[in-house]
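[1] give me coordinates for this.
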Amino acid sequence: MRPAGEFCWMDIKTPDLDATGRELDAVLGWECVVDPEDQRDPATARKARFEGHWMAGLSSLHSGAYPPGTEPHVSYYVAVDDAVHAHDAAVDEGATSVIPPSPIAGLGVLATVVDPFGATVSLWQPGTFAGWTHPAIPGAPRRMVHTSITPTAAAGFYRDRLGLPLTGAVFSTRTGEPPAWTAVIQVADRPATAFAPLRLPSGHVFLFA
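    Here you go, the predicted structure:
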């Protein structure tokens, strides 16, 4: 499990669970299935697993939880000890609240903000679900990249002002794409020297290393 202050999970929002599941299987070898312990509606929620570990959630944009016209995207979760404190601290430092701290069926407490640099991030206080358990293996999320026009200031916001170590996170200058957090998927058992973007037909973007 990931400690507080580190990324611990991602949830892939998609209009077509089956199609996105097939893409993840074809590109990454991730098997998308219904988790019997997940209390969400199987018609609108799945999970992806790889090598016996859960990699991501898949949530339908047609579940009624999202405004019409919401584009496919990936939500990334940082583990925190106290979602209320982390949310309020982020807002005090210039972030915009999107979802106030909210209990999620005993799984944990979720809050979502847009940081002052334009990237959305979710804050997750684990309950019965803590998120990632995988080691550093090819085919799994390896690290995270934050892109904005002021990467040094963005790094300071998370690490200095919010006290989130985010070990291994990279802060880069954006080139064309909107500010965002993006997962780096490890595709080889070697140190990463460059990140190659991959856009799935569903519209979801990851980085390969």
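[2] so where's the chain uncertain?
    Per-residue confidence of the chain (counting by pLDDT under 70) places the weak regions at 189-193.
[3] contacts for the helix or strand harbouring residue 19, please.
    Mapping residue 19 onto the secondary structure by DSSP states H and E places it in helix 17-28. Residues from elsewhere that reach helix 17-28, judged by Cβ atoms under 8 Å, 6 or more residues apart in numbering: 12, 14, 30-32, 44-46, 48, 50, 55-56, 58, 60, 72, 139, 185, 198, 200-202, 204. (Each C-beta comes from the backbone N, C-alpha and C, glycine too.)
[4] among those residues, which lie within strands?
    Within the contacts of helix 17-28, residues falling in strands by DSSP state E are 12, 14, 31-32, 45-46, 48, 50, 55-56, 58, 60, 185, 198.
[5] closest to residue 1 among these?
    The closest of these to residue 1 turns out to be residue 55 (Cβ to Cβ; 14.3 Å).
[6] can you give me the distance of the closest residue to that closest one other than its chain neighbours to residue 24?
    With sequence-adjacent residues excluded and distances taken as Cβ to Cβ, 6 or more residues apart in numbering, residue 55 is closest to residue 48, at 4.7 Å. Distance check for residue 48 against residue 24: by Cβ to Cβ, to the nearest Å, it reads 5 Å.
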